[in-house]
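**Q** sequence first, predicted coordinates after that:
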Amino acid sequence: MKARKFFSSLLFLLIVAGVVFFIGWIQFLIKPGTCGIMTSKTGGLYPKPIVYGEFFWRWERLLPTNVSITLYPLQSYEYDKQISGSLPSADVYSRQVEPKPDFSYSFDFHFTFSVEPQQIYDLVNSKTIENSKDSLKQHLDKTAELAAHALSEWFISNKNAVNLVTPTVLTNEQVSSVLQNLSREFTGITVVSVEIKKARVPDLAIYESAKRTFSSYEDELNSNLSELAKQQATVLAETDNEMKRLEKFASLLEQYPQLNELSKSGNLVEIMNQLRGNR
């Protein structure tokens, strides 16, 4: 009886141990092609990603509702971005040249990103993204938008880039050169490829020529306006002097009523000349 009771107790303990082990065994939750980021109410963010194929057991999961694991697909993330617009003051400068050139531009980019388990963990740990798949996708989409604008500016201003025949896939060196100022935004993200599917760029030589023409026109206009302002100022000054003389004459008429007869007799001009000489 004692032996039977011993084996029954041992079997019970083994079953309990098996259940405890199974509950805490997290690795089986990680599917192929994914990684997991674990958070718990008792310990917060676990300090490393959970990778498929590696044994992983944690006691935190023994507590009900204590552990949350977010699975992230380890796949390529692809985004299409279209950028369009016009060069600064394009409408104004276009009117300086015949026939009026089109200074608008448009680009069609295709981005491919990848994110490794440790990179995903770093993004979550730095609070760049929330611990969710949607947050990662939104962050990558925003990053693709920033990259598209940077590449557009590079393509427009770089003579060598303008000569590229599209569609084309940029080299790693070209991508690194363009996106070096966005290194902070690309922390934790690997740029697999950047393809320019379509590109329309205005003629910068004509644009610069039209800009210079407008600048010359603007300088001449400002000069003419300045001269006109001086002339108007002279006229206004003379008018102001005439008004002051008239005010003085009106004051004299009030003081010397006999001058009324002189003004009626047609000698007003002579009187005004005398007043002008007495200024």
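**A** Happy to help now that I have it.
**Q** am I right that Asn160 sits in a helix?
**A** Yes. Assigned with DSSP: H, G, I helix; E, B strand; the rest coil, Asn160 falls within a helix.
**Q** pull the number of nearby residues for it.
**A** Number of residues near Asn160 (other C-beta atoms under 10 Å) recorded here: 9. All C-beta atoms are positioned from the backbone trio N, CA, C, and that covers glycine.
**Q** could I get the phi/psi values of Thr39?
**A** Thr39 adopts backbone torsions of phi -130, psi 150, taken as degrees, to the nearest 10.
**Q** for Thr112, list the residues it contacts.
**A** Contact analysis of Thr112 by C-beta atoms under 8 Å, 6 or more residues apart in numbering lists Ser76, Tyr77, Glu78, Val191, Val192, Ser193, Val194.
**Q** ok, the fourth one - how many residues close by?
**A** Spelled out, it's Val191. Neighbours of Val191 using other C-beta under 10 Å come to 18.
**Q** just the last one next, same as before
**A** Val194 has 23 neighbouring residues, counting by other C-beta under 10 Å.
**Q** again, but for the third one
**A** Applying other C-beta under 10 Å, we find 13 other residues in the vicinity of Glu78.
**Q** distance-wise, check it relative to Ser176.
**A** Counting by C-beta to C-beta, to the nearest Å, the gap from Glu78 to Ser176 is 20 Å.
**Q** likewise for the fourth one?
**A** For Val191, the distance to Ser176 (C-beta to C-beta) stands at 8 Å.
**Q** and if you look at the first one?
**A** With distances defined as C-beta to C-beta, the gap from Ser76 to Ser176 amounts to 19 Å.
**Q** for Phe107, give me its contacts.
**A** Residues near Phe107 by C-beta under 8 Å, 6+ apart: Gln82, Ile83, Ser84, Ala148, Leu151, Ser152, Phe155, Ile196, Lys198, Ala199, Arg200.
**Q** same deal with Pro47?
**A** Pro47 sits next to no residue when contact means C-beta under 8 Å, 6+ apart.
**Q** show the model's pLDDT score for it.
**A** Per-residue confidence at Pro47 stands at 90 (pLDDT).
**Q** run through the helices of this protein in chain order.
**A** Secondary structure of the chain (DSSP state H): helices at 2-24, 90-94, 117-125, 133-157, 159-162, 172-179, 204-255, 259-264, 268-277.
**Q** what mean pLDDT would you report for the last one?
**A** Here the mean pLDDT over helix 268-277 is 54, rounded to a whole number.
**Q** flag the shaky bits of the stretch 51-200 of the chain, pLDDT-wise.
**A** Low-confidence segments of the stretch 51-200 of the chain, defined by pLDDT under 70: 59, 62.
**Q** repeat that with 90
**A** Within the stretch 51-200 of the chain, the ranges that satisfy pLDDT under 90 run 51-69, 75, 87-104, 133, 154-169, 171-174, 176-188, 199-200.
**Q** ok, and the most crowded of the contacts of Phe107?
**A** Counting neighbours by other C-beta under 10 Å, Leu151 leads the contacts of Phe107 with 24 neighbours.
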